[in-house]
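Enquirer: Need a 3D model of the sequence below.
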Amino acid sequence: MGKSHRGKPLRELVLKGRGVCPVCKRDGMKLLYEIEAGEQKVKVCKNCAAAIKHGKKSVAA
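Expert: Sure thing, here's the model as predicted:
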C-alpha cells in the first residue's frame, strides 16, 4: 500500500478513511480509492478497486 494510503494522512479523514464499501458491502474497510461511477466519484476498498480496474466487478450507479 502506498504511503498516501496509510499513516498520518488517514488521521485527517473522516473516521480515519473507514466505512462500508459500496461494491462488496463489507464494513470497517479503508475506502481510499476513488472510482468514477457515471458522473459521481465513489470511494471503494483496495480489493474492489483492483477488481473494477480488471473488469471483474462493476460499480452499481
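Enquirer: quick one: the helices in the chain?
Expert: If DSSP state H is used as the criterion, the helices of the chain fall at 8-11, 46-53.
Enquirer: Tabulate those helices in TSV, adding columns for mean pLDDT and mean neighbour count.
Expert: Any C-beta I mention is one placed from the backbone N, CA and C, and that applies to glycine too. Below are the helices of the chain laid out as TSV (pLDDT from 0 to 100; neighbours: other C-beta atoms under 10 Å):
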stretch	mean pLDDT	mean neighbour count
helix 8-11	84	11
helix 46-53	93	16
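Enquirer: Find the centremost residue of this protein, please.
Expert: The residue lying closest to the centre of the chain (C-alpha atoms, centre = their mean) is Val44, at 2.1 Å.
Enquirer: Kindly reformat the helices of the chain as CSV containing distance to Tyr33.
Expert: Formatted as CSV, these follow (distance: least, C-beta to C-beta, whole Å):
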stretch, distance to Tyr33
helix 8-11, 13
helix 46-53, 4
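Enquirer: before we move on, the earlier item: look up which residues are beta-bridged to the residue nearest to the centre of the chain.
Expert: For Val44, the beta-bridge partners are Tyr33 (DSSP bridges).
Enquirer: Could I get the contacting residues of it?
Expert: Shown in contact with Val44 (C-beta atoms under 8 Å, 6 or more residues apart in numbering): Cys21, Pro22, Val23, Leu31, Tyr33, Ile35, Ile52, Val59.
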